[in-house]
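Chemist: Give me a 3D structure for the following:
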Amino acid sequence: MHTIQSLVFPELWQILARADDLPWEAFRPGVEIHRLYPAEPNGAAAALLRYQSGASVPYHLHIGFEHILVLSGSQVDDNGTYGAGTLVVNPPGTRHTVSSPDGCIVLAIWAKPVQIEE
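Modeler: Purely as a prediction, here's the structure:
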């Protein structure tokens, strides 16, 4: 098992100023991911997600809680539109699709992996 030191992100909003310098990876078409720590199998994960304008993530099921903090731009799901500064908590058993018409960066924390329903 890999041991991780505590991760501290003071003034998290400032990460936006250097977002282009982060090591982003492809996640979905038009969506990139920057993992904050390695995901444990069937366990928690946290990452920044960067959506290009018009990008989306297909329908997916939440096995555990999902916490989304919109850092910039706005994100849209089946229940509404969420602008910067909004915290969205999706409980286990919920499903939705997510998009960002104008692009956004969000902090995503998953208690369990999501199941994509493509």
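Chemist: residue ranges for the strands of this structure, please.
Modeler: Under the criterion DSSP state E, strands of the chain are mapped to 25-28, 31-35, 45-51, 55-62, 66-77, 80-83, 87-90, 95-100, 104-110, 114-116.
Chemist: so which of the ones you listed gets nearest residue 13?
Modeler: Shortest distance between residue 13 and the strands of the chain, using CB to CB, is found for strand 66-77: 6.6 Å. No exception for glycine: its C-beta is placed from N, CA and C like everyone else's.
Chemist: Residues contacting that closest one, please?
Modeler: Here strand 66-77 makes contact (CB atoms under 8 Å, 6 or more residues apart in numbering) with 12-13, 15-16, 48, 51, 81-90, 96-111, 114.
Chemist: Quick check, pLDDT for the residue lying closest to residue 55 once chain neighbours are set aside.
Modeler: Leaving out its chain neighbours, the residue that sits closest to residue 55 by CB to CB, 6 or more residues apart in numbering is residue 30, at 2.9 Å. Residue 30 is assigned a predicted lDDT (pLDDT) of 98.
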